[in-house]
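Undergrad: Sequence below, structure please.
(one chain, ligands or ions: 1)
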Amino acid sequence: MFTLDVLAIPKDDPIAFTFFTGYMAMMAASVFFFFERGSVEGKWKLSLLVSGLITGIAAVHYFYMRDYYMATGENPTALRYIDWTLTVPLMCVEFYLLTKAAGAKMSLLWKLIIASVWMLVAGYIGEAFNPEGGSASHSVIWGVISTLGYIYILYTAWFGEVAQLANGAGETVKRGIRTLAWFVLVGWAIYPIGYMCMEGGWLNSAFGWGSENVDLFYNIADAINKIGFGLVIYYIATTETSKAA
Ligand SMILES: *C/C=C(C)/C=C/C=C(C)/C=C/C1=C(C)CCCC1(C)C
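TA: Now for the predicted structure:
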């Protein structure tokens, strides 16, 4: 009936540890965002709901990814990319909701979503179809294709439509969007580092970083980015709510 996974986590397995704490952190964050919806004004409730969905969807995936990792010792690549394909577009929704009052159009949301799906499909092909033993050219080609989508999002957040719309928004929203853009620049850059730890990847072949580090970097990055994004939204929402009161 009950499987006490925690007992099975070896003391010297930091990856298992991050799967377990990642799961708890995502779940706790979701409870927080869902409950705090009640304390923010009108339009901010939707933003907090999306924050809670992002960490909630991740929590469910972490539950399964942890089990998969514990049972096989392998990277749960498919589960990982299903999670991201749902949560990264929701992060694009957060950008859209923040800039909507300043005039963001639906087309902005679609462009961001298409860029993120592009980035993730290419990354998935890079990881899931990496030949046995690892291929440097395969990982580089798909890594570069994926990075084009990443750069598009980065550009949009820092200089493109999102950044321009942010200038027309209030001070809190503007600063919040700038903080989110920093997350995209620094926090999201952790993912390609994890990607390069796979067999055939540059960090794997040049520095001998084992493929188990793929998950270590992804787990750390997910906690920073998904919970961090949500907290920035929470900060904007509560600040704007107290101004309105
Ligand atoms: C909650 C999940 C998030 C914010 C996931 C973000 C994932 C990325 C920014 C992944 C980027 C990748 C590259 C830029 C190149 C190599 C392949 C990826 C997919 C790891």
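Undergrad: Check which helices and strands the longest helix seen in the chain is in contact with.
TA: Scanning the chain for the helix with the most residues, using DSSP state H, yields helix 44-72. Packing partners of helix 44-72 (3 or more Cβ pairs under 8 Å, 6 or more residues apart in numbering; DSSP states H and E): helix 5-8, helix 14-36, helix 77-100, helix 228-244. No exception for glycine: its C-beta is placed from N, CA and C like everyone else's.
Undergrad: does the last one come close to the ligand?
TA: When you say that, I think you mean helix 228-244. No: if you take Cβ under 6 Å from any ligand atom as the test, helix 228-244 misses the ligand, and the best it gets is 7.8 Å.
Undergrad: And the helices and strands packed on helix 44-72: which comes nearest Pro192?
TA: With Cβ to Cβ as the criterion, Pro192 lies closest to helix 77-100 of the helices and strands packed on helix 44-72, at 13.2 Å.
Undergrad: Buried residues of that closest one, list them for me.
TA: Neighbour counts over helix 77-100 (16 or more other Cβ atoms under 10 Å) mark 77, 79-84, 87-100 as buried.
Undergrad: before we move on, the earlier item: reformat the helices and strands packed on helix 44-72 as a markdown table; add distance to Leu112 and mean pLDDT.
TA: Converted to a markdown table, those look like this (distance: least, Cβ to Cβ, whole Å; pLDDT from 0 to 100):
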| stretch | distance to Leu112 | mean pLDDT |
| --- | --- | --- |
| helix 5-8 | 36 | 54 |
| helix 14-36 | 21 | 96 |
| helix 77-100 | 4 | 98 |
| helix 228-244 | 14 | 96 |
